[in-house]
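Q: The following block contains a protein sequence and its predicted model.
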Amino acid sequence: MAICCSPGDREVEYYPSGKKKFEVPVKNGKWNGKATGYFESGAVQGEMMYVDNQKEGRAVEYYESGGVKIITSFHQNRKVGWTQYFSSRGILQDEFLFDSLGGLVDYHEYDSLGQRDLKTVAPIGHFIPDTIRQGDNVKFFVRLGNADSTVFKNGTLFVTSSFDSVRYQPRDTLAAIHSDNAKGFSFSFIARQKGENTLNGFLVFDTENADSLVRGPHKFVYVFDVREPR
């Protein structure tokens, strides 16, 4: 059940038991100010700032015991900067980095002691939405997430029309772009035909003292939809 009072007051939601579940200040009919969520026990579950119904600033979610569970930053309803996840014992587990447009550009994994765990790496692509039109110049950016960029140098991004499903060898290579993981890899193409929908790619790095799993290939697939020209 929710109760919303006059502008300048608060919107409040309750559990069936009658205990408070959520509250947020309301101004001119919109959420403005610090919203607070509660466990049924009365402990704070989360806190978030709103400006004209949009999430803005630092948000914190808590365990019922009181420890921090998730810390997120927002700007105009989009995640920006680092989002961090903690165990119930207060140890950092994962963190994800978002750019100013809310696109995921990196992530870090941590072990049970809170130390960086670099065993798992994966390509992260900041791709445009699937609103591509015929003739549009399309761009996307990709890099290897959870990687140590001081190690992952002298890499190559291969963009292909298809893969050998067994060996991950490229067929019909469209581009081979050289860079390192700190800079990342950018590729652009023109969407020419309606019905195009997939670009395959992988990253390979010439790293010293690294096994083949670390070097790659690190495969990714970019799926999109080409529509009629504007």
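A: Sure, I can see it. Numbers count the residues shown, from 1 in each chain.

Q: Helix or strand: which one has residue 161?
A: Using DSSP states H and E, residue 161 sits in strand 155-163.

Q: Give me the sheet partners of that strand and which way each runs.
A: Its sheet considered, strand 155-163 pairs with strand 170-179 (antiparallel), strand 198-205 (antiparallel) by DSSP bridges.

Q: Let me know which of those is the nearest to residue 112.
A: Residue 112 lies closest, by Cβ to Cβ, to one member of the strands paired with strand 155-163: strand 198-205, at 27.8 Å. For the C-beta atoms, the positions are set from N, CA and C on the backbone; glycine is no exception.

Q: Could I have the CA atoms of that closest one written out in PDB?
A: Below are the C-alpha coordinates for strand 198-205, written out as PDB (Å, rounded to 0.1, in the frame of the first residue of the first chain):
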ATOM      1  CA  THR A 198      26.000 -10.000 -37.000                       C
ATOM      2  CA  LEU A 199      29.700  -9.100 -36.800                       C
ATOM      3  CA  ASN A 200      32.000 -11.700 -35.300                       C
ATOM      4  CA  GLY A 201      35.300 -10.600 -33.600                       C
ATOM      5  CA  PHE A 202      38.000 -11.600 -31.300                       C
ATOM      6  CA  LEU A 203      41.000 -10.100 -29.500                       C
ATOM      7  CA  VAL A 204      44.500 -11.700 -29.500                       C
ATOM      8  CA  PHE A 205      47.400 -10.300 -27.400                       C
END
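
Q: what does it contact?
A: Under the contact criterion Cβ atoms under 8 Å, 6 or more residues apart in numbering, strand 198-205 has outside partners 123, 142, 144, 152-163, 168, 170, 174, 181, 185, 187, 189, 214-224.

Q: how about low-confidence regions in the chain?
A: 1-8, 127-131, 162-171, 191-197, 208-213, 227-230 (pLDDT under 70).

Q: One more pass at 80, please.
A: 1-8, 126-138, 150, 161-173, 189-199, 207-216, 222-230 (pLDDT under 80).

Q: Now do the buried residues in the strand holding residue 161.
A: 155, 156, 157, 158, 159, 160, 163 (16 or more other Cβ atoms under 10 Å).

Q: Please convert the residues you listed to CSV, extending it with distance to residue 112.
A: CSV is the format used below for the buried residues of strand 155-163 (distance: Cβ to Cβ, whole Å):
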residue, distance to residue 112
155, 30
156, 35
157, 34
158, 36
159, 38
160, 39
163, 36
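
Q: ranking the strands paired with strand 155-163 by burial, who's on top?
A: Ranked by mean neighbour count under mean count of other Cβ atoms under 10 Å, these are led by strand 198-205, which reaches a mean of 20.

Q: out of everything not next to it in sequence, what's closest to residue 75?
A: Closest residue to residue 75 apart from its sequence neighbours, by Cβ to Cβ, 6 or more residues apart in numbering: residue 56 at 6.5 Å.
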